[in-house]
Structure formats: structure tokens, C-alpha cells
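*Asks:* structure for the following, please:
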Amino acid sequence: MKIMKRMFILAIILGMFFVFGCIGGEGTKSCTSNSDCRSYEECDFETSTCVLKPGYCSTDEDCADELKRCDRETRTCEFIEGRCRFNADCESWQVCNAEYYCRAGIGYCDDDEQCNETYEYCHPTRHICEPKPGYCYSNEDCDGWEECDEESKTCVALSGRCNFDGDCEVWQVCNMKTHNCEAEEGYCINDEDCKSWARCDLEEHRCIARQGYCLGDNECGWWEYCSSKTHRCTARKDHCGTADDCGDWQNCVSHKCVAKTGYCDTDDDCVSGEICNEQNHICQ
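*Replies:* A predicted model of the protein is given here:
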């Protein structure tokens, strides 16, 4: 009975050998030449079996250094990520510390905690502390319309430039395309923002009429109105500034056009029984 059990166990072991290979995972191949072996193996002609080439591995146990693991693609022993023996085992910006970990060297960083929490972050590829968006070390860190405020380490808009309306005067708005402060509608920065008949009042920043022009009727005499076309004070109908504003048959009296002696404007200017001829302005 014991013999039967032993034979059964032996059969199981042999079956596992043929299915899975030897203990270690991949199994040992027999060979007569190197071509019979895997790329990282060579043929041991004394035993006619494939063995690892020097410097290669099949499992982690093949690596002599406890900090290394067998890379299943290259079949070479590689350091576990972040581990090392010497500085050369780390990235160029790292050094190998006493615990055999790769850590950021002087002037470099691993994470944001190694930078100034207020205005810096650790750049993910350059591994150096750099200003956060909106912060700066110098003008070069800011956009072309900004400068670096050394005290707050923030980029601020240059005079006349802006990032939002609050950077401009109360009578201005920020053009977000050009980042220039521009006059709000109805206001002006200089004469160029006004029509040809107006100028910019630099105190109120409003366009006002130039001398000889007008913006509204209140800027004219009682007998005038401000023309919306010419922006000049113009005599109202039947009113005048000089006789030139009246007809040939009229005189300008107290800013009103009145018929000269012998002429008429209406029938009321004629004696009873006569009417005023509207073409020659003579009573008939």
C-alpha cells in the first residue's frame, strides 16, 4: 500500500514537471546548441541544458542585490523604482541617500512640499521649484503687459495695461484681447476718442464741444439750437444772429427776422384790404 502511494506521488511530481517545467516557473530546456535556448540563455554542453547567460535573470531570486528585481522584458536585474546604491543609479537631478533611496539633489525637488508653499511648485519634468501661475521671480516670468512685483512675487499689469477692469481707471474698461485699458462708452482718454467737433476734457474724461461747436441746445443762445449734423449753434427759424440769417427783405431785430419797410412777412404786415405776396414779400 505504501509503495502504491509513493508511486502515485511520484507520478504527480513528474506530471507537474512536464506541464510546468522545473521549480522557478519557466522550466529548464535541454539543448545541443545555443539556438535551442531562449535569447537570455546559453547551452551548457556538459549537462545539455539551457542556463542563464552572465548578467541575465529569469526570476527575482536570480538577482544578487536585494534592491533589484528581474525585469521580465529585458531579463536583466534592475533597481526597484526609487532605489539605488550610487548616485549614478538615479536620475541626473537625484542623489542616492544613506538609505539607498534616490532623492532630489541640491537645487532640485521631488514634490511641492520642498518649495515655498505660497508662490512655488515643483515642476513635474524639470524638477526645480518654479513660480506658480500668476507668481514670479522676475519680469521674465510675467506676460508682456505685466511686471513682477518683487515684494508680493506676483505679476501686476503695467500702467495703462490690464488683466481685468479693476486694473483700469473707473472710466475705463479692460480689452481682454489687447490687455489695454480703453475708454468706456461715453468717455475718452484723449482727443482721438472724440469726434472732430469735440475735444477730451482730461479732468472728467468726457468729450466736450470745441470752441465754436456745441453738444446740446443748452450751449447755444435762446434763439438757437445745436445742429446734430454740424454741431454748431444754428439760428432757429425766423430767428437770427445777423441779417445774413434772414431773407433779403428782412432785418435782424432782437434776434428775430422782421420785414423791412415796404415789405411783409404775413398779411398782418399789410394794410386792410391787402395781402402779402409770398414770392416777392410785397403787400398787394
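*Asks:* where does this protein dip in pLDDT?
*Replies:* For the chain, the stretches flagged by pLDDT under 70 are 1-27.
*Asks:* okay, helices next: where are they in it?
*Replies:* With helices called from DSSP state H, the chain shows them at 2-20.
*Asks:* buried residues of stretch 75-84, list them for me.
*Replies:* 75, 77, 78, 79, 83, 84 (16 or more other CB atoms under 10 Å). To be clear about C-beta, it is placed using only N, CA and C from the backbone, and glycine gets the same treatment.
*Asks:* looking at those residues, which is nearest residue 204?
*Replies:* residue 84 (71.2 Å; CB to CB).
*Asks:* OK, contacts around that closest one?
*Replies:* 67, 90, 96, 100, 101, 102 (CB atoms under 8 Å, 6 or more residues apart in numbering).
*Asks:* turn the residues you listed into JSON lines, columns for neighbour count and distance to residue 246.
*Replies:* Formatted as JSON lines, the contacts of residue 84 follow (neighbours: other CB atoms under 10 Å; distance: CB to CB, whole Å):
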{"residue": "67", "neighbour count": "16", "distance to residue 246": "111"}
{"residue": "90", "neighbour count": "21", "distance to residue 246": "101"}
{"residue": "96", "neighbour count": "19", "distance to residue 246": "105"}
{"residue": "100", "neighbour count": "17", "distance to residue 246": "109"}
{"residue": "101", "neighbour count": "14", "distance to residue 246": "103"}
{"residue": "102", "neighbour count": "20", "distance to residue 246": "101"}
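*Asks:* okay, those in a markdown table with distance to residue 111 next?
*Replies:* Putting the contacts of residue 84 into a markdown table (distance: CB to CB, whole Å) gives the following:
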| residue | distance to residue 111 |
| --- | --- |
| 67 | 22 |
| 90 | 16 |
| 96 | 18 |
| 100 | 20 |
| 101 | 14 |
| 102 | 14 |
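*Asks:* next step: these restricted to strands.
*Replies:* 96, 102 (DSSP state E).
*Asks:* please identify which pair of the contacts of residue 84 lies farthest apart.
*Replies:* Of all pairs drawn from the contacts of residue 84, the greatest distance, 12.2 Å, lies between 67 and 90 (CB to CB).
*Asks:* show me which pair in the buried residues of stretch 75-84 is furthest apart.
*Replies:* Most distant of these, by CB to CB, are 75 and 84, 21.1 Å apart.
*Asks:* domain assignment for this protein?
*Replies:* 87-131, 243-284 (automatic domain parsing).
*Asks:* can you lay out those domains as a markdown table showing distance to residue 180?
*Replies:* Converted to a markdown table, the domains of the chain look like this (distance: least, CB to CB, whole Å):
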| stretch | distance to residue 180 |
| --- | --- |
| domain 87-131 | 25 |
| domain 243-284 | 46 |
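*Asks:* so which of those domains is nearest residue 224?
*Replies:* Minimum separation from residue 224 across those (CB to CB) falls at domain 243-284, 8.6 Å.
*Asks:* what's the span of the closest one, first residue to last?
*Replies:* End-to-end distance for domain 243-284: 25 Å, by CA to CA, to the nearest Å.
*Asks:* likewise for stretch 204-214?
*Replies:* 17 Å.
*Asks:* and if you look at stretch 91-105?
*Replies:* Chord length of stretch 91-105, first to last residue, is 10 Å (CA to CA).
*Asks:* equivalent analysis for stretch 79-94, please.
*Replies:* Start-to-end, stretch 79-94 (CA to CA) is 15 Å.
*Asks:* can you give me how far it is from the chain middle?
*Replies:* Distance of stretch 79-94 from its chain centroid, counting by CA atoms, centre = their mean, to the nearest Å, is 37 Å.
*Asks:* which one of the contacts of residue 84 is nearest residue 51?
*Replies:* Using CB to CB, residue 67 is the member of the contacts of residue 84 that sits closest to residue 51, with 24.6 Å.
*Asks:* which residue, other than its chain neighbours, is closest to the residue positioned nearest the centre of the chain?
*Replies:* With distances taken as CA atoms, centre = their mean, residue 143 lies nearest the centre of the chain, 9.5 Å away. Distances taken as CB to CB, 6 or more residues apart in numbering place residue 155 nearest to residue 143, at 6.9 Å, with adjacent residues excluded.
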